[in-house]
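# Coordinates only, no sequence provided:
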């Protein structure tokens, strides 16, 4: 697996290129058998007599050997590239609509309606058809000579014609003809000796390279990839909610992922994770004391390895629907596309808030299911359902103390515009939102600690302004309706960002700017109190591409009026994140 194949928390790539096209449900089709080629060994028509011209033998064999040299000239370099690009499912996506139709044997060049006597290759085609019977056309009577010739096709054709030549040599009854033809073949071997020696060397090197790649492969059916994130961070605050003890930290998040497929249209994925940014990082009471200070990559596993994600996906209904089963590591964004250019732990935003809309993080779910349906070329309908404690026998997936379902319509109204609108319905027996992005008052729906039904409405947008600039925005409202109490809580959140791809002519770099409001309780009824202030989140980071699998991202974010409390000052968190993908 290449580094780019590793999927992180998000189900979308962090590159701003996501704004230019809806990710289609390009499930991996079963591998179609490659066509035999323009020349085939099956159903050949042979002549009973010997060769009419030794010069012709020399010409044909010389041309075939020369073409074979060209065929294999760059093979050793191609194999390594091909193996590196193997898809995790082990097959290549091939569009059945563009697959090449089967070919049929022809016995006369006149049967090929698109071959004319004035064509420069007419005599060569005529010789291959009428003398050696080793040429095939398409069932519609076309030869399609302008179509590119694949290596497999050429190899099959070469074998067919060599076999035809050898057959005619064996059938020759004139001993003198046989001696003369053998002499012609010997002269050909001498003339093409250097090319044949080069071929032998290239084939030997190819076999050595192939053997080395196969011996170093992790598994013939299982692909492995990983990601390690180092973070050197510091923070400061002006009268924050916490004790304001903010020592610099150096922590990591490491994930190892395994992917396999059983049918070519499915994917089984397992991910292990470990990390050591403990005690909630700068969100802890000893530090800044607010979830607004959370980094995107922080995790508190005390360097213990745990199963972080387990899912199985497969295509259904004519490959237009992808179904997801995820018993471990589920949240709504496992199925509902976040539609954010920064929704990537290792390469996206440096703060948890700026990754994407907090509404996709509602409910602190554990396991769930979902469906992603390609309605039409420019639209997808997505559905997700999940529950906390879904594996517990006393709660289960439908009787849990917290659960959520959501539906989203993702559309591409223009070539450079991608939009999404989602509705989310959740239940929590304590009324908590559990997004860990905004004020504690908003995330706990006013802190009444009572069962509640939660409704959310989210809108997202990505707009490619130019080849290098992408404007993105998202916003949402969350309404908590307490079931046993006469109380409600209304919260909102939003953000606007600008991403500059390949700045200063540096391909692969990304400079991002974002301003937004973390989740804030704006209207409460009953015993629910509003947030007294309005803090704003400002963030910038620069992702520096060091290599294909290494990036360094310095970044900083500032939140005014921490916890949306009017008497609080600003907090500042900075980090240098280094991401390794393997």
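Structure received. Everything quoted here is computed from the prediction, not taken from an experiment.
# Show me the domain layout of the protein.
31-215, 322-581 (automatic domain parsing).
# Now the first one: average pLDDT?
I take that to be domain 31-215. Per-residue pLDDT over domain 31-215 has a mean of 56.
# How about stretch 394-412?
Taken as a whole, stretch 394-412 has a mean pLDDT of 93.
# quick one: residue 231 from residue 477, how far?
Applying CB to CB, to the nearest Å, the value for residue 231 to residue 477 is 32 Å. C-betas here are computed from N, CA, C, even on glycine.
# Among these two, which residue is more densely surrounded?
Neighbour comparison, residue 231 and residue 477: the larger count goes to residue 231, with 23 against 16 (by other CB atoms under 10 Å).
# So the more buried one sits against residue 575, correct?
Yes: with contact defined as CB atoms under 8 Å, residue 231 reaches residue 575; the gap is 5.3 Å.
# Quick check: neighbours shared by these two?
Common neighbours of residue 231 and residue 575 (criterion: CB atoms under 8 Å, 6 or more residues apart in numbering): residue 295.
# burial of residue 203, as a residue count?
By other CB under 10 Å, 13 other residues sit near residue 203.
# in the lengthiest helix in the chain, what's buried?
In terms of residue count, the longest helix belonging to the chain (DSSP state H) is helix 193-216. The neighbour-count check on helix 193-216 (16 or more other CB atoms under 10 Å) flags 196, 199, 202, 206, 209 as buried.
# before we move on, what about stretch 319-333?
320-324, 326-333.
# mind giving me JSON lines with the residues you listed and columns for distance to residue 381 and secondary structure?
Converted to JSON lines, these look like this (distance: CB to CB, whole Å; DSSP: H, G, I helix; E, B strand; the rest coil):
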{"residue": "320", "distance to residue 381": "10", "secondary structure": "coil"}
{"residue": "321", "distance to residue 381": "9", "secondary structure": "strand"}
{"residue": "322", "distance to residue 381": "12", "secondary structure": "strand"}
{"residue": "323", "distance to residue 381": "13", "secondary structure": "strand"}
{"residue": "324", "distance to residue 381": "14", "secondary structure": "strand"}
{"residue": "326", "distance to residue 381": "19", "secondary structure": "strand"}
{"residue": "327", "distance to residue 381": "24", "secondary structure": "strand"}
{"residue": "328", "distance to residue 381": "26", "secondary structure": "strand"}
{"residue": "329", "distance to residue 381": "23", "secondary structure": "coil"}
{"residue": "330", "distance to residue 381": "19", "secondary structure": "coil"}
{"residue": "331", "distance to residue 381": "19", "secondary structure": "coil"}
{"residue": "332", "distance to residue 381": "15", "secondary structure": "helix"}
{"residue": "333", "distance to residue 381": "16", "secondary structure": "helix"}
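# of all the residues you listed, which two lie farthest apart?
Using CB to CB, the pair of the buried residues of stretch 319-333 lying farthest apart is 320 and 328, separated by 27.1 Å.
# that older thread, summarise which helices and strands the helix or strand just after the longest helix of the chain is packed against.
Next helix or strand after helix 193-216 toward the C-terminus (DSSP states H and E): strand 222-237. Judged by 3 or more CB pairs under 8 Å, 6 or more residues apart in numbering; DSSP states H and E, strand 222-237 is in contact with strand 249-260, strand 571-581.
# hmm, 10 Å instead?
Here strand 222-237 touches strand 249-260, strand 266-275, strand 550-559, strand 571-581, going by 3 or more CB pairs under 10 Å, 6 or more residues apart in numbering; DSSP states H and E.
# Nearest to residue 432 among these would be which one?
Nearest to residue 432, of all the helices and strands packed on strand 222-237, is strand 550-559, at 21.4 Å by CB to CB.
# in that closest one, what's buried?
For strand 550-559, by 16+ other CB under 10 Å, it's 551, 553-555, 557-559.
# was I right about residue 509 contacting residue 501?
Yes: using CB atoms under 10 Å, residue 509 makes contact with residue 501 at a distance of 7.7 Å.
# ok, residue 523 - contacts?
479, 488-492, 530-531 (CB atoms under 10 Å, 6 or more residues apart in numbering).
# give me the beta-bridge partners of it?
Beta-bridge partners for residue 523, by DSSP bridges, are residue 490.
# And residue 417, by the same measure?
The partner residues for residue 417, given DSSP bridges, come to residue 414, residue 463.
# Would you mind measuring from it to residue 297?
Distance, residue 417 to residue 297, using CB to CB: 30 Å.
# ditto for residue 530
Shown here: residue 530 relative to residue 297, a distance of 32 Å by CB to CB.
# Check residue 480 too.
29 Å.
# what does residue 284 give?
Per CB to CB, residue 284 is found 16 Å from residue 297.
# So for these two, which sits in the more crowded spot?
More neighbours surround residue 297 than the other of residue 284 and residue 297, with 28 against 18 (other CB under 10 Å).
# Local confidence estimate at the more buried one?
Residue 297 is given a pLDDT of 95.
# looking just at contacts, which helices and strands does the strand or helix carrying residue 498 meet?
Using DSSP H and E, residue 498 sits in strand 488-501. Contact analysis of strand 488-501 by 3+ CB pairs under 10 Å, 6+ apart lists helix 440-443, strand 452-464, strand 469-482, strand 510-525, strand 537-547 as its packing neighbours.
# The first one: how far from the chain's middle?
Relative to the centre of its chain, helix 440-443 is centred 35 Å away, using CA atoms, centre = their mean, to the nearest Å.
# does residue 232 have beta-bridge partners, and which?
In this entry, residue 232 is beta-bridged to residue 250, residue 576, by DSSP bridges.
# pretty sure it is touching residue 248, no?
Yes: Residue 232 lies in contact with residue 248 (CB under 10 Å); the separation is 7.1 Å.
# anything in contact with each of these two?
With CB under 10 Å, 6+ apart, residue 232 and residue 248 have common neighbours residue 574.
# Look at the two and report which has more neighbours.
With neighbours defined as other CB under 10 Å, residue 232 and residue 248 compare such that residue 232 has more, 14 against 9.
# Enumerate every residue touching that one.
Here residue 232 is in contact with 248-251, 554, 574-578 (criterion: CB under 10 Å, 6+ apart).
# give me that answer again for 7 Å
Remark: with contacts taken as CB atoms under 7 Å, 6 or more residues apart in numbering, residue 232 is in contact with 250, 575-576.
# out of these, which are buried?
Buried members of those, scored by 16+ other CB under 10 Å, are 575-576.
# Closest one of the contacts of residue 232 to residue 412?
Residue 412 lies nearest to residue 575 out of those, by CB to CB, at 33.8 Å.
# measure the closest one to residue 465 for me?
Plainly put, residue 575 is 28 Å away from residue 465 if you go by CB to CB.
# Straight-line length of stretch 282-299, end to end?
Terminal residues of stretch 282-299 are spaced 12 Å apart (CA to CA, to the nearest Å).
# can you pull the buried residues of that stretch?
Buried residues in stretch 282-299, counted by 16+ other CB under 10 Å: 282-284, 287-299.
# Look at residue 442 and say how many residues are nearby.
Per other CB under 10 Å, the neighbour tally for residue 442 reads 31.
# tell me the contacts of it?
491, 519-521, 531.
# could you redo the last one with a cut-off of 10 Å?
291, 358, 433, 435, 478, 480, 489-493, 518-522, 524, 530-531, 563-564.
# just to revisit the earlier point, quick check: neighbours shared by residue 509 and residue 501?
By CB under 10 Å, 6+ apart, the residues touching both residue 509 and residue 501 are residue 543.
# and the two? which has more neighbours close in?
residue 501 (22 against 17).
# quick one: the more buried one and residue 469 touch, right?
Yes: contact criterion CB under 10 Å: residue 501 and residue 469 qualify, at 7.6 Å.
# pretty sure residue 544 is touching residue 507, no?
No: taking contacts as CB under 10 Å, residue 544 lies outside contact range of residue 507: 11.7 Å.
# what about those two, which has more around it?
Higher neighbour count among residue 544 and residue 507: residue 544, with 16 against 7, using other CB under 10 Å.
# That one: what's it in contact with?
506, 508-511, 550-554, 578.
# hmm, try it at 8 Å
Taking CB under 8 Å, 6+ apart, one finds 506, 509, 551-554 in contact with residue 544.
# now, among those residues, which is nearest to residue 408?
Nearest member of the contacts of residue 544 to residue 408, counting by CB to CB, is residue 553, at 28.6 Å.
# Fine by me, we can end here.
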